[in-house]
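Undergrad: When you get a sec, could you give me coordinates for this:
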Amino acid sequence: MEELSEFAGKFSSENNIKNYDINIEGAVAKGENYLGEVVFFNITPKDSSKPFHFIRKKSKCPKDTKEKAAIRIASQREFYVYQTVFPEMKDFLKRHKTNSTMNILPEVYWVQEEENQRMMILENMKYSGYRMLDKKLQMNHEKVTLVLETYAKFHSISFAMKELEPEKFKRLTSSMDDVWCHFKSVFDAENYFGPLLRDVLKKLRENGRTDLALKYKPIEDDVENVVYIDVDPEDRMVVCHGDSWNNNMLFKNDEEGNPQSVCLIDFQISSLSTPVLDLCQFLLSAGDKEVLNNVEDYLKLYHQFLSDTLKNYEIDVSNLFSLEKLMNQWKKYANTGLVIAISTIQVSLSEGEEMPEDMNLLTYTDSSEMKNCDLFDRRVLDLLISFGEKYL
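TA: This next block holds a predicted model:
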């Protein structure tokens, strides 16, 4: 509570609040966030005016040395993104007076760094009308379209900065190497992703698709290099979200209950990379069967959104990231998204009691032991069949 009291004193002084209470509203559920401790709280003035709602996000300090190192790097990255990258992007948008905004991200009110731990206090988007979807549910055309438009807006800022202010963009992103590779010692691909992939390919064979299972053999045999892929330098084009599953997206509906806007959260694994890594994890882990069967149409839709947004800067997308280049990068990196998507689907469909407390305890679990094993089987079979028939 000490850091909350310090923040509350600063916030109340800046907003002319003389007397107030600090109220803890709750915390994230077990297995929902392995990289940080998240607490929801509010500052309520005693003069009966409305409360102010916040989220405190604090990096974890695990005992395991390997996990601690990976989490420290991820925490440093998220702080750098919120403290430096996003403010620079906002200033860029102001300088170029475009219609683009950064309202797809929560506001950061306070940051505090100590030697081994970092803390941020952010806007609680729930009180601006945003909600997290049920992570067990797949997204339909309407929601997927909205997320792709959001990613196009987010990625377009990087493309525009790189084109219009190349030296500034280079300095801003020069330290943004791949965070995910530092988790190799925590998530041993051979002992985590490998068994999971063998598990689902067995289901594929049991359902009469031995032909497709054979096509996945090269991925199975090289799973570590597939999961921890080294993105080619020329493909590292934008600041990526890096963890594009449905728990890191908040939706706001209009008065009729239709999805209106999306807010992206959690940037611990953000890096300078190919936009395809954001797209493939999202589309393959969250899209429903209709989406999976029409992935290329959705890639074209993303590209059209990107083109439309870059026109605000008078930039022709074909000179920076043509549709052909997008499709070529999809073919190059989609296998990585596929394997991570299978893991993401398993996590999404796991009940709280099936998830370990700590990341270093997150090991391969036979999907037949899941409470939602039938739903998991259906979803991964839909994914493996549609992906295998199109791209293998």
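Undergrad: Tell me where this protein is predicted with low confidence.
TA: Filtered on pLDDT under 70, the chain yields the residue ranges 1, 29-35, 60-67, 115-116, 354, 356-364.
Undergrad: Let's see that with 80 instead.
TA: Confidence mapping of the chain against pLDDT under 80 gives the ranges 1, 29-36, 48-49, 59-68, 98-101, 113-117, 185-188, 352-365.
Undergrad: So which residues of it form strands?
TA: Using DSSP state E, the strands of the chain run over 20-27, 36-45, 52-59, 108-113, 118-123, 130-132, 238-240, 249-253, 259-264, 271-273.
Undergrad: The longest helix anywhere in the chain - contacts with which helices or strands?
TA: For the chain, the helix with the greatest residue count under DSSP state H is helix 323-349. Under the contact definition 3 or more Cβ pairs under 8 Å, 6 or more residues apart in numbering; DSSP states H and E, helix 323-349 sits against helix 193-206, helix 217-221, helix 223-227, helix 275-286, helix 295-310, helix 373-391. (C-beta placed from N, C-alpha, C; glycine too.)
Undergrad: report the angle between the axes of it and helix 193-206?
TA: Put simply, helix 323-349 runs at 90 degrees to helix 193-206, going by axes from the mean of the first three to the mean of the last three Cα atoms, to 10 degrees.
Undergrad: what angle do helix 323-349 and helix 373-391 make?
TA: Helix 323-349 and helix 373-391 are oriented at 170 degrees to each other (the same axes, to 10 degrees).
Undergrad: coming back round to it: dump the helices and strands packed on helix 323-349 into CSV; add distance to residue 234 as well.
TA: Compiled in CSV, these are given as follows (distance: least, Cβ to Cβ, whole Å):
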stretch, distance to residue 234
helix 193-206, 27
helix 217-221, 23
helix 223-227, 19
helix 275-286, 13
helix 295-310, 18
helix 373-391, 22
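Undergrad: surely residue 130 meets residue 263?
TA: Yes: counting by Cβ atoms under 8 Å, residue 130 does reach residue 263; the two are 5.3 Å apart.
Undergrad: Between those two, which contacts overlap?
TA: Common neighbours of residue 130 and residue 263, using Cβ atoms under 8 Å, 6 or more residues apart in numbering, are 250, 252.
Undergrad: sorry, back to before: for the strands of the chain, which one ends up most surrounded?
TA: Greatest average neighbour count among those goes to strand 238-240 (a mean of 27), per mean count of other Cβ atoms under 10 Å.
Undergrad: in its sheet, what does that one sit against?
TA: strand 271-273 (antiparallel) (DSSP bridges).
Undergrad: got a list of contacts for the strand it pairs with?
TA: Contacts for strand 271-273 (Cβ under 8 Å, 6+ apart): 77, 173, 176-180, 231, 235-240, 242.
Undergrad: Pipe the strands of the chain into JSON lines and attach distance to residue 82 per row.
TA: Compiled in JSON lines, the strands of the chain are given as follows (distance: least, Cβ to Cβ, whole Å):
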{"stretch": "strand 20-27", "distance to residue 82": "20"}
{"stretch": "strand 36-45", "distance to residue 82": "12"}
{"stretch": "strand 52-59", "distance to residue 82": "10"}
{"stretch": "strand 108-113", "distance to residue 82": "5"}
{"stretch": "strand 118-123", "distance to residue 82": "6"}
{"stretch": "strand 130-132", "distance to residue 82": "18"}
{"stretch": "strand 238-240", "distance to residue 82": "12"}
{"stretch": "strand 249-253", "distance to residue 82": "16"}
{"stretch": "strand 259-264", "distance to residue 82": "12"}
{"stretch": "strand 271-273", "distance to residue 82": "15"}
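Undergrad: Quick one, which of those gets closest to residue 146.
TA: Evaluated with Cβ to Cβ, those place strand 259-264 nearest to residue 146, the distance being 5.2 Å.
Undergrad: contact partners of stretch 126-144?
TA: For stretch 126-144, the surrounding residues in contact (Cβ under 8 Å, 6+ apart) are 53, 147, 245-247, 249-253, 258-259, 261, 263, 283, 286-291, 298, 348-349, 372, 375, 379.
Undergrad: between the contacts of strand 271-273, which is nearest residue 320?
TA: Using Cβ to Cβ, residue 237 comes nearest to residue 320 of the contacts of strand 271-273, at 7.9 Å.
Undergrad: how many neighbours does that closest one have?
TA: For residue 237, the neighbour count with other Cβ atoms under 10 Å is 21.
Undergrad: hmm, back to that, what's the most buried one of the helices and strands packed on helix 323-349?
TA: By mean count of other Cβ under 10 Å, the helices and strands packed on helix 323-349 have helix 275-286 as the most buried, with a mean of 26.
Undergrad: tell me which strands and helices that one is in contact with?
TA: For helix 275-286, the contact count by 3+ Cβ pairs under 8 Å, 6+ apart identifies helix 141-164, strand 238-240, helix 289-292, helix 295-310, helix 323-349 as packing neighbours.
Undergrad: quick one: the residue of the chain most remote from its centre from residue 215, how far?
TA: Computed with Cα atoms, centre = their mean, the residue of the chain farthest from its C-alpha average is residue 47, at 39.3 Å. To residue 215, residue 47 is 67 Å away according to Cβ to Cβ, to the nearest Å.
Undergrad: what does residue 314 give?
TA: 44 Å.
Undergrad: These two - which one has more neighbours?
TA: residue 215 (18 against 10).
Undergrad: Off-centre distance for the longest helix of the chain?
TA: Remark: helix 323-349 is offset 13 Å from the chain centroid, using Cα atoms, centre = their mean, to the nearest Å.
Undergrad: and it with helix 295-310, angle?
TA: Going by the same axes, to 10 degrees, helix 323-349 makes 110 degrees with helix 295-310.
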